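>>> prediction below, plus the sequence it came from.
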Amino acid sequence: MQDIHCLTCCIRYLKKVLLALSSAPFYNKFVYLPWEDTLIPPEISGNPKFFPHFEEALGAMDSTHIIYCPSTAELQLS
């Protein structure tokens, strides 16, 4: 039961983070779409592990890592 509770809490906060990242204030200030002629970096285009997933991508958030570990109080509130 604790695992489901923790998963529910993590999903709730992940949604909040995704909403914040896609909100107009953040998006308009920090997100820049590449030009049509922007080349895909060779680290991606030359790697069969990555390229099939990014072949049609317009861009990605570089160096974005979201680490989240809810506190005991947060877990009890959810």
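Yep, that arrived.
>>> what are the ranges of the helices in the chain?
For the chain, the helices defined by DSSP state H cover 2-22, 24-30, 42-45, 51-54, 72-77.
>>> quick check: end-to-end length of stretch 19-36?
27 Å (C-alpha to C-alpha, to the nearest Å).
>>> for it, what is the distance to the chain centroid?
12 Å (C-alpha atoms, centre = their mean, to the nearest Å).
>>> give the contact list for residue 20.
Counting by C-beta atoms under 8 Å, 6 or more residues apart in numbering, residue 20 touches residue 26. Placement of C-beta: from N, CA and C, glycine included.
>>> okay, it and residue 71: tell me how far apart.
19 Å (C-beta to C-beta, to the nearest Å).
>>> and residue 1, what pLDDT?
Per-residue pLDDT puts residue 1 at 55.
>>> now residue 23: phi and psi?
Residue 23 has phi and psi values of phi -70, psi 150 when expressed as degrees, to the nearest 10.
>>> tell me who's in contact with it.
By C-beta under 8 Å, 6+ apart, residue 23 has no neighbours at all.
>>> got a markdown table for the helices of the chain, with distance to residue 36 too?
Formatted as a markdown table, these follow (distance: least, C-beta to C-beta, whole Å):
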| stretch | distance to residue 36 |
| --- | --- |
| helix 2-22 | 23 |
| helix 24-30 | 20 |
| helix 42-45 | 16 |
| helix 51-54 | 16 |
| helix 72-77 | 43 |
